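Return atomic coordinates for the entry below.
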Amino acid sequence: MRRSQRGLTLVELMIALLLGLLLSLAAIQLLITNQRTFSLQDAVTGVNEDGQTVLRYIAADIRNAGRGSQVEGFVQPVVQALSVDDAEGNPVAFQSADGGAGGNDVLVVSYLAQRACQGADLTAGGANPEGEIVVNRYYVVDDSLWCSSLRNLGAGGYAALVPDAVELISGVESFQVLYGVDGSLDSEIGATKFVSAAGLVADDSVVSIRVGLLLRSSDTTLPVPAGGQTLSVLDQQVITPEDRAIRRVFSTTAQVRNVNWDGI
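As a prediction, the model looks like this:
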C-alpha cells in the first residue's frame, strides 16, 4: 500500500484528541473568566449608579428644605418633633431620629413643594399654584430606603399622601445622617459642628446635612474574596457579613439654602 493511502496511527489519533481537548478547555476557561468579569463589572456599575442617583435625589430635597410660601417665607427645614396617626389610629413618628449603634437613621425635611416624593401633584386643581408645605421622611425598612410624605393642612394638622410611601432603593445596609449646625451668630452661613439627630435641639440652626449610605449588590455569588469587613459610614462602624456581595459607601453633604437668618 502506498504511504499516501495510509491512515493515522493510534498514537497520532490520541495526540490529536489531546490537543483538541486542551484547546476546548482553554476556550471554556476563557469564557468562564469573561463571564465572571462581566458579572463583577455589572454589579459594581449598578451599585455605583444606584448610590449616586439616590444621593442626588436626597440632596435636592435638602437644598429645598426650609423654603416657605410667600406668606410664611420660612419653615423649619429639619422636623424634630412630629407624630401623626395612621389609618388604624396608631401614632407614627414623622421626625428625624438617630438609629444608634448598628441602626439606621431617619431624615425628615419640610418645605414648599409642587410634588411629593411619591410623585403626587400638589398643584392639582389650581387652588395652590405654588404647591403645599410637605414633610418628606426617609427611612429604611427591610434593607430598602423608602420615602413617605405628609401634606400640611394648616393649624398644625397633617394628612398622609396616597400612596403612602415609595421605595427608592434596595440593598441598603446602613443609612446615616449628620446635621451641620451653625453655632456662631455672625450672619454668615457655616457649620461649626456636625451632630446626630439625638444631638439636635429646637433652637439649632441647621445649615447643612450630611448623608451616608452603605449599599450591597443584589448578587451575593460574585467572584470576589469572601470575608467580613469593617466599613465607616459617617459616625458608624458597620461590620459586613461574610459573603461575596459588592459593597460601596457613599456620602454627600448638601447645604440648606433656606435658613432662619435670625439664628445665623
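
Is Ser110 bridged to anything, and to what?
With DSSP bridges applied, the residues forming beta bridges to Ser110 are Val135.

who's in contact with it?
Going by CB atoms under 8 Å, 6 or more residues apart in numbering, Ser110 touches Ala65, Gly66, Val75, Gln76, Pro77, Val78, Val79, Ile133, Val134, Val135, Asn136, Asn152. Heads up, the C-betas are built off the backbone N, CA and C, glycines and all.

Tell me the one of the residues you listed nearest Asp235?
Checking the contacts of Ser110 against Asp235 by CB to CB gives Val78 as the nearest, at 16.9 Å.

Quick check: that closest one vs Gly46, distance?
Distance of Val78 to Gly46, given as CB to CB, to the nearest Å: 31 Å.

So for the two, which residue has more residues nearby?
Val78 (21 against 16; other CB atoms under 10 Å).

who touches the more buried one in this structure?
Here Val78 is in contact with Ala65, Ser96, Val108, Val109, Ser110, Tyr179, Leu200, Val206, Ile209 (CB under 8 Å, 6+ apart).

The residues you listed into TSV, with extra columns for distance to Trp261 and pLDDT?
Below are the contacts of Val78 laid out as TSV (distance: CB to CB, whole Å; pLDDT from 0 to 100):
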residue	distance to Trp261	pLDDT
Ala65	15	90
Ser96	22	90
Val108	23	93
Val109	19	93
Ser110	18	89
Tyr179	18	95
Leu200	19	90
Val206	13	90
Ile209	18	95
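
Out of those, name the ones that lie in strands.
The members of the contacts of Val78 that map onto strands under DSSP state E are Val108, Val109, Ser110, Tyr179, Val206, Ile209.

which residues does the spatially most central residue of the chain contact?
Centroid-nearest residue in the chain, with CA atoms, centre = their mean: Val54, separated by 4.8 Å. Each residue near Val54 by CB under 8 Å, 6+ apart is listed here: Leu145, Leu168, Ile169, Leu213.

can I assume it sits in a helix?
Yes - under DSSP: H, G, I helix; E, B strand; the rest coil, Val54 falls within a helix.

Check it and give its pLDDT.
What the model reports as pLDDT for Val54 is 93.

Make 58 the starting number, not 1.
Fine by me, first position is 58 from now on; the one you just mentioned is Val111.

Tell me, how many residues neighbour Val234?
Neighbour count of Val234, defined by other CB under 10 Å: 26.

what's across from it in the sheet?
Per DSSP bridges, the residues bridged to Val234 are Val268.

among the ones in strands among the contacts of Val135, which two are most distant?
Ser167 and Tyr236 (14.2 Å).
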